[in-house]
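S.K.: Predicted model and sequence below, questions to follow.
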Amino acid sequence: MKCAVIDMSSTGVSTVVAECDGGKITEILYKDRTNISVIEYLEGRNLSRRGIEKLIDALIAARASSKALGAEALYVISTAALRHIDNLEDVAENIRTRTGMVINHLDGKTEAYCDHMSNRKYSVYERAVMIDIGGGSVEIGDLSSDKRSDMICLDFGPLKLRNKYVADIYPTLDEAKKIKKFLRKKCDEEKLPKKSAFRTAVLVGSINDSIYAVYKEYCDKKKTDTTFTYDRYKKFVEMLLTSDERTRLIMKAAPEKINVLPVSAIILKELLKRFKLDNIVISDAGVKEGFLELVLAGVEKGVAVDLKTPVPLYAPVDPPAKKSSGKKGGKKSTDKKEPKKQTKKESKKSE
C-alpha cells in the first residue's frame with residue numbers, strides 16, 4: 001500500500017510518498033518540496049489572502065503528484081507554520097473547500113515526537129539527541145526515550161529571531177550576540193541538559209540539510225574533508241557572519257534558504273556548544289515519516305484526504321477585480337448590454 005504525507009511548515013510545503021506494509025514504512029518512493037516562507041505573507045497575525053493562495057497552489061500540486069504515484073492514503077499535516085496565526089479557521093476552511101484537504105494540526109510536542117519516531121534507528125548511537133530546526137520552532141528529543149512527555153519544543157525559530165533581531169539578511173556581530181543571549185536564556189528556562197548528557201547529534205529537517213549542504217561547499221573551498229565537527233562548524237558560522245564569500249556559497253548550495261540559513265546556523269551552533277557534541281549525523285527522515293508511522297501503528301488518529309473525490313473547481317480567495325462580460329457558464333449571454341443607470345440629471349429631465 002502506498003501512503004503520502006504533505007507537511008505545511010513555516011518554510012514550505014513538502015511531500016513524501018512511501019510504500020507501507022504490515023503497519024510500517026518499507027520504502028520511501030518520492031520526496032518533493034515547494035518553498036514558501038509563510039511568515040513573509042503575514043499581515044499582523046493573520047495569513048494574507050496571497051499567502052493562502054500560495055499554500056493552496058502548492059497543496060493542489062502535491063496532492064496531484066501523490067495521486068499520480070498511486071497513493072491510496074494521503075494525510076496533510078501542519079506544524080509551526082499555522083500554530084500561531086489568528087485566522088487559522090479561515091485558512092483551514094479555504095484549504096478544505098478549495099482542495100478537499102482537511103489539515104491535521106500538530107502541536108509542538110507531537111511534532112517533536114514524530115521527528116523522534118522517524119529517527120529511532122539512530123538510538124544505536126551512544127546518548128543521541130535529535131535536533132530539528134524548523135522555520136517557526138525547534139524540536140529536541142533524547143533518542144533513548146520513547147516518552148512523548150520527554151520531547152522538547154522551543155516555541156521559536158529562525159524566522160521569528162530574524163524578524164526580532166536582524167535588520168538585513170545576515171546578522172551583524174552585535175545582532176548575533178543578542179540572538180545567542182536569547183537562545184541561552186530559553187534553553188536554561190526549558191532546562192535543556194548541558195555537556196556530557198549527549199554524545200551524538202542527529203540533525204533533522206530541510207533547514208539542517210541546507211546548513212550541511214552549504215557547509216560542504218565551505219569545506220570544499222577550504223580544501224578540507226566534510227567531516228562535521230564543532231570546531232570546524234564554528235569557523236563556518238564565523239564565515240557566515242563576516243565573509244564576502246557567504247552569499248556565493250549559499251546561492252550555490254541552498255538559495256531557497258538564504259533568508260533563514262544564517263540565523264539557523266547560529267541556533268545550531270549554540271545547541272552543539274551547549275551539548276558539547278562533535279559526533280554529528282545528518283538524518284534522512286523527519287516529521288512526515290514519523291507521523292505516518294504513528295498513524296499506521298494506530299497511535300495517532302489522522303484524517304485522510306478522500307482521493308476519489310476530485311479537487312473542487314477553482315475559485316479564488318479574493319474575487320477578481322473585473323468579471324468577463326458576454327459569457328456565462330460557457331454560453332453567450334442573451335443580454336447584450338445591461339440597462340444603463342440614470343444619473344440624477346437625466347432622472348430630472350425624464351420627470
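M.R.: Now that the structure is in, tell me what you want to look at.

S.K.: so where is the stretch 201-350 of the chain shaky, pLDDT-wise?
M.R.: 313-350 (pLDDT under 70).

S.K.: All the helices of it, residue numbers only.
M.R.: Applying DSSP state H, counting those that start in this stretch to the stretch 201-350 of the chain gives helices spanning 206-222, 230-242, 246-253, 261-275, 287-296, 344-350.

S.K.: now these as a markdown table including distance to residue 120?
M.R.: The C-beta positions use only the backbone N, C-alpha and C, and glycine is treated the same way. Formatted as a markdown table, the helices of the stretch 201-350 of the chain follow (distance: least, C-beta to C-beta, whole Å):
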| stretch | distance to residue 120 |
| --- | --- |
| helix 206-222 | 18 |
| helix 230-242 | 25 |
| helix 246-253 | 29 |
| helix 261-275 | 19 |
| helix 287-296 | 9 |
| helix 344-350 | 77 |
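
S.K.: and residue 2, which of those helices is closest to it?
M.R.: Nearest to residue 2 among the helices of the stretch 201-350 of the chain is helix 287-296 (11.0 Å), distances taken as C-beta to C-beta.

S.K.: What is the distance between the closest one and the centre of its chain?
M.R.: Distance of helix 287-296 from the chain centroid (C-alpha atoms, centre = their mean, to the nearest Å) equals 16 Å.

S.K.: name the helices or strands packed onto it?
M.R.: Packing partners of helix 287-296 (3 or more C-beta pairs under 8 Å, 6 or more residues apart in numbering; DSSP states H and E): strand 2-8, strand 12-21, strand 24-35, strand 73-78, helix 108-117.

S.K.: Tell me which of these lies nearest to residue 189.
M.R.: It's helix 108-117; of the helices and strands packed on helix 287-296, that one is closest to residue 189 (C-beta to C-beta) at 14.5 Å.

S.K.: Which elements pack onto the closest one?
M.R.: By 3+ C-beta pairs under 8 Å, 6+ apart, helix 108-117 packs against strand 128-133, strand 138-142, strand 152-154, helix 287-296.

S.K.: now the helices and strands packed on helix 287-296 in TSV, with mean neighbour count?
M.R.: Below are the helices and strands packed on helix 287-296 laid out as TSV (neighbours: other C-beta atoms under 10 Å):
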stretch	mean neighbour count
strand 2-8	25
strand 12-21	21
strand 24-35	14
strand 73-78	23
helix 108-117	26
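
S.K.: Make a markdown table out of those and add distance to residue 97 and mean pLDDT.
M.R.: Formatted as a markdown table, the helices and strands packed on helix 287-296 follow (distance: least, C-beta to C-beta, whole Å; pLDDT from 0 to 100):
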| stretch | distance to residue 97 | mean pLDDT |
| --- | --- | --- |
| strand 2-8 | 16 | 96 |
| strand 12-21 | 18 | 95 |
| strand 24-35 | 21 | 94 |
| strand 73-78 | 14 | 96 |
| helix 108-117 | 26 | 94 |
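
S.K.: out of those, which comes closest to residue 218?
M.R.: Short answer: strand 24-35, nearest of these by C-beta to C-beta, at 21.8 Å.

S.K.: Okay, angle between the top helix by length along the chain and strand 73-78 too, please.
M.R.: In the chain, with assignment by DSSP state H, the single longest helix is helix 49-68. Put simply, helix 49-68 runs at 160 degrees to strand 73-78, going by axes from the mean of the first three to the mean of the last three C-alpha atoms, to 10 degrees.

S.K.: Residue 134 and residue 23, how far apart?
M.R.: Going from residue 134 to residue 23 by C-beta to C-beta, to the nearest Å gives 27 Å.

S.K.: more neighbours, the two?
M.R.: Using other C-beta atoms under 10 Å as the criterion, residue 134 and residue 23 rank with residue 134 on top: 31 against 10.

S.K.: these two touch, right, the more buried one and residue 205?
M.R.: Yes. Counting by C-beta atoms under 8 Å, residue 205 is a contact partner of residue 134 at 6.0 Å.

S.K.: Torsion angles phi and psi at residue 85?
M.R.: With angles defined as degrees, to the nearest 10, residue 85 sits at phi -80, psi 150.

S.K.: roughly how far apart are the nearest residue in space to it that is not next to it in sequence and residue 212?
M.R.: Spatial nearest neighbour of residue 85, excluding adjacent residues (C-beta to C-beta, 6 or more residues apart in numbering): residue 47 at 5.1 Å. Using C-beta to C-beta, we find residue 47 at a distance of 30 Å from residue 212.
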